[in-house]
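J.: This is a predicted model, with the sequence first.
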Amino acid sequence: MEASRRPLASTAPPAFLALAAHPVRWRLLTELAYSDRKVGELTRLVDEPQSLVSYHLGRLRAGGLVSPRRSAADSRASYWCLDLARCGVLLAAAAGSLHPGLRLVAVTESQPAATRRARVLFLCTGNSARSQMAQALLEHLSDGTVTAVSAGSHPKPLHPNAVRAMNEWGIDIADRRPRHLRRFARQRFDYVVSLCDRVREVCPEFPGGPQLIHWSIADPARDPSEDTYPAFRRTAEELDSRCRFLLHLIQRPLEVT
């Protein structure tokens with residue numbers, strides 16, 4: 001008797017797999033999974049012509065995986081950012097389309113068990129919002145197993161909307177004070193994360209060769225809206241997502257070439 005076949009809705013592979021499977025696009029995804037990059041940096045990292053890199057970034061952008069952000073340090077340049085959470089959703093759906101038993105659990109739903117202690121320094125210009133919020137979130141998410149500190153190249157008072165946004169996460173940062181990055185210039189860190197395009201340009205070298213990561217996040221205090229608090233909430237949400245992925249990276253480092 002001829003074996004029965006389950007009717008398939010489609011014989012085409014999921015769009016995410018087709019998009020990510022191209023060697024150049026996969027290299028771009030793996031680089032952007034680690035740090036936001038400018039096109040020129042990606043061109044050097046993947047060793048391909050800029051026109052080809054731009055073409056594949058366009059394909060990834062059309063698929064909703066990456067997006068450009070105009071650099072606050074140089075308006076002629078843009079940083080490309082990868083939406084890791086969306087990648088996780090699409091990858092889970094792709095696996096589930098092959099068989100329900102292969103459906104993956106989104107990485108943001110849980111945190112890895114603490115197996116490695118690390119020191120992380122977050123940097124922005126004023127140390128008044130982004131870096132303070134990132135420090136607080138990583139401390140909170142890691143249950144204190146990661147030592148996180150923050151500083152700025154031009155410190156200024158903590159913004160009240162940063163305090164208000166963190167209160168929504170149940171985190172009180174009202175008593176924290178801004179610090180200058182030179183305070184930490186001779187200290188050793190495992191990761192140095194710049195959250196501001198300007199501070200990335202002036203970031204000093206730290207002893208021990210820490211891993212340098214850049215997150216191109218706009219200053220919420222410069223949001224043009226009359227009420228900037230929604231911008232602070234969006235910044236907190238993005239930092240929460242990025243810190244969750246950073247925590248996975250700390251516990252299970254990627255092989256980055």
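T.: Ah, there it is. Everything quoted here is computed from the prediction, not taken from an experiment. Numbering: from 1, shown residues only.
J.: Would you confirm that residue 159 contacts residue 131?
T.: No: judged on CB atoms under 8 Å, residue 159 makes no contact with residue 131 at a distance of 11.5 Å. Bear in mind the C-beta positions are built from the backbone N, C-alpha and C, glycine included.
J.: Which of those two has more residues huddled nearby?
T.: Summary of the neighbour comparison: residue 159 and residue 131, criterion other CB atoms under 10 Å, with residue 131 having more neighbours (31 against 21).
J.: For the spatially most central residue of the chain, give me its contacts.
T.: Using CA atoms, centre = their mean, the residue of the chain that lies closest to the mean C-alpha position is residue 242, 4.2 Å off. For residue 242, the residues meeting the contact criterion (CB atoms under 8 Å, 6 or more residues apart in numbering) are 134, 215.
J.: how does it look with 7 Å?
T.: The contact partners of residue 242, taken as CB atoms under 7 Å, 6 or more residues apart in numbering, are residue 215.
J.: separation between it and residue 38?
T.: The span separating residue 242 from residue 38 equals 18 Å under the rule CB to CB, to the nearest Å.
J.: likewise residue 48?
T.: When CB to CB is applied, the distance between residue 48 and residue 38 equals 15 Å.
J.: any idea which helix or strand comes after the helix-or-strand element of the chain with minimal mean pLDDT?
T.: Least confident element among the helices and strands of the chain, by mean pLDDT, DSSP states H and E: helix 84-98 (a mean of 87). Counting by DSSP states H and E, the element after helix 84-98 in chain order, helix or strand, is strand 118-124.
J.: Show me the contact partners of that following strand.
T.: With CB under 7 Å, 6+ apart as the contact definition, strand 118-124 has outside contacts at 130-131, 134-135, 138, 146-152, 181, 184, 188-196, 199, 203, 250.
J.: Those in strands, which ones?
T.: Secondary structure assignment (DSSP state E) places 146, 147, 148, 149, 150, 151, 152, 191, 192, 193, 194 from those within strands.
J.: Farthest pair within those?
T.: Spanning the widest gap among these are 146 and 152, at 20.2 Å by CB to CB.
J.: so what does the least confident helix or strand of the chain touch, helix or strand wise?
T.: helix 15-20 (3 or more CB pairs under 7 Å, 6 or more residues apart in numbering; DSSP states H and E).
J.: buried stuff in the helix it packs on?
T.: Applying a neighbour-count criterion of 16 or more other CB atoms under 10 Å, one finds 16, 19, 20 buried in helix 15-20.
J.: With only the CA atoms kept, save the longest helix seen in the chain in CSV.
T.: What stands out as the longest helix in the chain, according to DSSP state H, is helix 229-251. Extracted in CSV, the C-alpha atoms of helix 229-251 (Å, rounded to 0.1, in the frame of the first residue of the first chain):
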residue,chain,number,x,y,z
TYR,A,229,9.2,60.5,28.8
PRO,A,230,7.9,58.1,26.1
ALA,A,231,11.4,58.3,24.5
PHE,A,232,12.9,57.2,27.8
ARG,A,233,10.5,54.3,28.1
ARG,A,234,11.4,53.2,24.6
THR,A,235,15.1,53.4,25.5
ALA,A,236,14.5,51.4,28.6
GLU,A,237,12.7,48.7,26.6
GLU,A,238,15.5,48.5,24.0
LEU,A,239,18.1,48.4,26.7
ASP,A,240,16.2,45.7,28.6
SER,A,241,16.2,43.5,25.4
ARG,A,242,19.9,44.2,24.6
CYS,A,243,21.0,43.5,28.2
ARG,A,244,19.2,40.2,28.1
PHE,A,245,21.1,39.1,25.0
LEU,A,246,24.3,40.5,26.4
LEU,A,247,23.9,38.3,29.5
HIS,A,248,23.6,35.3,27.2
LEU,A,249,26.8,36.4,25.5
ILE,A,250,28.6,36.8,28.8
GLN,A,251,27.7,33.3,29.9
